[in-house]
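1. No sequence on hand, only this structure:
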Ligand code: NI
Ligand code: NI
Ligand code: NI
């Protein structure tokens, strides 16, 4: 038994939840902030048998991987038209920080 | 030293807190959601010496065990009288998912 | 790789965050309550290489150590002047409860 602790951006949190459920993994979510990623992230606690750890990591990677995203420019409200960029801009989103921790006992009551 | 991580229903959270305090265990509580249990649960982090892990598990079991509960029917407001059940209904409540994790160092400052 | 779990008072939380960032450690913060410390605390999850655990512990100790603090008396509003203490009072603040947990795998996506 292992405990997989994954800190992911809120943006990817719902998608990861759904993917875990679809694959019969059970996760608990904790609201968390700062540090590993930009503010506003979710810490997943996922319990799994040793032989399924790789499957969990694969699901996290598929749903939360660091990536560049094109963001359509928002036309400026009022002033500041000087800084207006009239074409899509690439921003970095996603990413996950993952720890696999040993579990000595696992129980359900 | 061990870390006991217990995910329990909010319903049982206050009772478990009190029982742990009465037995001189110290716990930190994190609000958590979904996954192991229906939404609205609490994750307890309990630090304890190795020889007291069983006592902690016993306390969690006694206060959070999965059980059936009779719920008195609520008389329907307005319409929907068709689905009104005039006798108590059995619902499932409680349950705990527990991980015991090894601790290499424990410090208090 | 180790996971350092530190429960600290909210009072010290922001200072610890800044000190960790300054020293290039990355932490995730979870709002937590009760148990180890008076209500209103923050649980830090800090991932670090084995050889830097002592540095992390040092930073936690420096920023969260239990200490006595002099609090200037607040002059009583309305009644209750009987219990008014016209000199600074010493109160206990700070303190941290810290667990170091082994990590079997550490990944970033
Ligand atoms: Ni990039
Ligand atoms: Ni049942
Ligand atoms: Ni003291």
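-> Arrived safely. From a predicted model like this one, the values you see are computed outputs, not experimental measurements. Ligands and ions are numbered 1, 2, ... in the order given.
2. Can you give me the neighbour number for residue A:27?
-> 22 (other CB atoms under 10 Å in any protein chain shown). Using the backbone N, CA and C atoms, a C-beta is placed for each residue, glycine as well.
3. Name the residues that touch the helix or strand residue A:101 falls within?
-> Secondary structure from DSSP states H and E places residue A:101 in strand A:96-102. Strand A:96-102 is contacted by residues A:2-8, A:12, A:36-37, A:53, A:57, A:60-61, A:64-65, B:101-102, C:1, C:3, C:26, C:28, C:47, C:101-109 when judged by CB atoms under 8 Å, 6 or more residues apart in numbering or on different chains.
4. Tell me which entries of those lie within strands.
-> Of the positions in the contacts of strand A:96-102, A:2-8, B:101-102, C:3, C:26, C:28, C:47, C:101-102, C:105-108 sit in strands, assigned by DSSP state E.
5. buried subset of those?
-> A:2-8, B:101, C:3, C:26, C:28, C:47, C:101 (16 or more other CB atoms under 10 Å in any protein chain shown).
6. wait, which of these is closest to residue C:94?
-> Ranked by distance to residue C:94 (CB to CB), those are led by residue C:28 at 21.2 Å.
7. so what pLDDT did that closest one get?
-> Residue C:28 carries a pLDDT value of 91.
8. can you check residue A:72 too?
-> The predicted local confidence for residue A:72 is 77.
9. For the nearest residue to it once chain neighbours are set aside, what are phi and psi?
-> With sequence-adjacent residues excluded and distances taken as CB to CB, 6 or more residues apart in numbering or on different chains, residue A:72 is closest to residue A:88, at 5.4 Å. In terms of degrees, to the nearest 10, the main-chain angles of residue A:88 are phi -60, psi 150.
10. could the buried ones among the ones in strands among the contacts of strand A:96-102 be laid out in CSV, adding distance to residue B:43?
-> Compiled in CSV, those are given as follows (distance: CB to CB, whole Å):
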residue, distance to residue B:43
A:2, 17
A:3, 12
A:4, 15
A:5, 12
A:6, 15
A:7, 15
A:8, 17
B:101, 13
C:3, 15
C:26, 21
C:28, 14
C:47, 19
C:101, 15
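11. Mind picking the one among those that's closest to residue A:94?
-> residue A:8 (7.8 Å).
12. List the residues that contact the closest one.
-> A:16, A:37, A:41-42, A:44, A:60, A:64, A:94-96.
13. Chain C: which of these is nearest?
-> residue A:96 (4.6 Å; CB to the nearest CB).
14. okay, now that closest one: neighbour count?
-> Residue A:96: 24 neighbours (other CB under 10 Å).
15. tell me which residues form a beta bridge with residue A:48?
-> residue A:2 (DSSP bridges).
16. That one and residue A:4 touch, don't they?
-> Yes. At 6.3 Å, residue A:48 and residue A:4 qualify as touching, with contact defined as CB atoms under 8 Å.
17. what's the nearest residue to residue A:44 if we skip its chain neighbours?
-> residue A:6 (4.4 Å).
18. and if you look at residue A:67?
-> Excluding the flanking residues, the one nearest residue A:67 by CB to CB, 6+ apart is residue A:94, at 5.1 Å.
19. Relative to residue C:27, how far out is the one you found?
-> For residue A:94, the distance to residue C:27 equals 20 Å [CB to CB, to the nearest Å].
20. Tell me which helix or strand residue A:17 sits in.
-> helix A:10-22.
21. Run through who's touching that helix.
-> Contact partners of helix A:10-22, identified using CB under 8 Å, 6+ apart, comprise A:6, A:8, A:26-27, A:29, A:40-42, A:44, A:46, A:56, A:59-60, A:62-64, A:93-94, A:96, B:34-35.
22. Now with 10 Å, please.
-> Helix A:10-22 is touched from outside by A:4, A:6, A:8-9, A:25-27, A:29, A:31-33, A:37-44, A:46, A:48, A:56, A:58-60, A:62-65, A:67, A:69, A:93-96, B:33-35, with contacts defined as CB atoms under 10 Å, 6 or more residues apart in numbering or on different chains.
23. Return the members of the residues you listed classed as buried.
-> The buried subset of those - by 16+ other CB under 10 Å - is A:4, A:6, A:8-9, A:25-27, A:29, A:31-33, A:37, A:41-44, A:46, A:48, A:56, A:59-60, A:63-64, A:93-96, B:33-35.
24. Spell out which parts of chain A neighbour chain B.
-> A:1-3, A:17, A:20-21, A:25-32, A:42-47, A:101-109 (CB under 10 Å from any CB of the partner chain).
25. give me that answer again for 8 Å
-> A:1, A:3, A:17, A:20-21, A:26-31, A:45-47, A:101-109 (CB under 8 Å from any CB of the partner chain).
26. circling back: inside helices: which ones of the contacts of residue A:8?
-> Among the contacts of residue A:8, the ones falling in helices (DSSP state H) are A:16, A:60, A:64.
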